[in-house]
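> Sequence and predicted structure are below.
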Amino acid sequence: MSKTEAPMQGEAATPEQAQAWVGRVETRTGAVSPELAGMVMGALGHPAAPQPPIHTGAVLPVLWHWVAFPEFVPISGIATDGHPKLGGFLPPLPFNRRMWAGGKLSFKGRFAVGEAITKRSEILSVDFKTGHTGDMAFVRVGHDLRGEGGAQIREEQDIVYLPIPDSFRAPRAIPAPETPIFSEIVEVGPVRLFRYSAATYNAHRIHYDRDYATGAERYPGLVVHGPMQATLVMEAAMRHTGATPARFSFRGVHPMFDGHLYLQAEPDGPTALRLCTVAPEGHQGLQARFDWEE
């Protein structure tokens, strides 16, 4: 088999072969029903946040569209880590750890609970890199979402693929803001992590299976979902500013583990905030930027 031929089923793609996935397109239709919205609300609930209405036709809270497109993969199509096996829409890369590394979004209008949403997804790039932890690969996926009422979201999602190390090696710690304009504490225990996994139909075992997370993937505890952290800081920013985002971006800089975390922010000009989640040890976990329009 040459380096550019498609890999056989069950084989990992070489960097050259993985480029064949660039440009692949997938189109799906989904919705966030009142029942599913209730599951998300039960996973994200914060004492400082009023419960949003979740009846059909109510405004869908920002970022809740992430639960609208579950992957209904049979058990035979699930990998050891709980993710769907690679080689379909996403390329089969030669690394055993997959994480949602970050993303950026722009918003036009708001979706509604129960509204049909169409999502067109395209593989934008597949890049292999070498960092201080070794070889890795990044897959960037673009999503264009449109609701039947005319609201739109443009989203780019970065997925990182890494080898599983022999022991946990923490990334460089980035200190928390010295003078945040707000700081909220959020409990992120196993029940919350399980509920968010259930609401997003995400079976990645690092979030709910402690034996797998600490034994197979060498983490010191259960891992807090990146998208859940992004949603929590987004909602905190909306509470404190009263604004609706025009743009939002985020990236994970350090894994966060079950227990509790803090939601913090610093101003970044008149219509933007720099947001982050902060571990009890004082370092940032997820960094984000929240932009709104006057």
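Structure received.
> Would you mind confirming that E71 is in contact with Y201?
Yes. Judged on CB atoms under 8 Å, E71 makes contact with Y201 at a distance of 6.8 Å. The C-beta positions use only the backbone N, C-alpha and C, and glycine is treated the same way.
> So which helix or strand of the chain has the lowest pLDDT on average?
None of the helices or strands of the chain scores lower by mean pLDDT, DSSP states H and E than helix 15-18, at a mean of 92.
> Alpha carbons of that helix, as PDB, please.
The C-alpha trace of helix 15-18 is given here as PDB (Å, rounded to 0.1, in the frame of the first residue of the first chain):
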ATOM      1  CA  PRO A  15      -0.100  12.000   7.500                       C
ATOM      2  CA  GLU A  16      -0.300  11.800   3.700                       C
ATOM      3  CA  GLN A  17      -3.300   9.500   3.700                       C
ATOM      4  CA  ALA A  18      -5.100  11.700   6.300                       C
END
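> What is it packed up against?
strand 117-131 (3 or more CB pairs under 8 Å, 6 or more residues apart in numbering; DSSP states H and E).
> and the most centrally placed residue in the chain, how far is that from Y196?
Residue closest to the mean C-alpha point of the chain, counted by CA atoms, centre = their mean, is P227 at 3.2 Å. Applying CB to CB, to the nearest Å, the value for P227 to Y196 is 8 Å.
> same check, this time on V113
As judged by CB to CB, V113 and Y196 stand 18 Å apart.
> And the next helix or strand past the least confident helix or strand of the chain?
strand 25-30 (DSSP states H and E).
> Neighbouring strands of that following strand in the sheet, and parallel or not?
If you go by DSSP bridges, strand 25-30 pairs up with strand 117-131 (antiparallel).
> Measure how far stretch 203-218 is from the centre of its chain, please.
Distance, stretch centre to chain centre, for stretch 203-218: 17 Å (CA atoms, centre = their mean, to the nearest Å).
> please renumber so the chain begins at 42
New numbering, starting at 42: the last item is stretch 244-259.
> What average pLDDT does it get?
For stretch 244-259, mean pLDDT rounds to 96.
> hang on, isn't T285 packed against P102?
No. T285 lies out of contact with P102 (CB under 8 Å); the separation is 10.5 Å.
> Show me which of the two is the more surrounded one.
More crowded of T285 and P102, by other CB atoms under 10 Å: P102, with 23 against 12.
> For the chain, which segments are assigned as strands?
Assigned by DSSP state E, the strands in the chain fall at 66-71, 138-149, 158-172, 175-188, 193-203, 223-229, 286-293, 300-308, 313-319, 325-333.
> Can you say which of these is nearest to V264?
Between V264 and these, the tightest spacing by CB to CB is seen for strand 138-149, at 8.5 Å.
> Which neighbouring elements make contact with the closest one?
With contacts defined as 3+ CB pairs under 8 Å, 6+ apart, strand 138-149 has these neighbours: strand 193-203, helix 267-282, strand 286-293.
> and P221, which of these is closest to it?
With distances scored as CB to CB, the stretch of the helices and strands packed on strand 138-149 nearest to P221 is helix 267-282 (10.5 Å).
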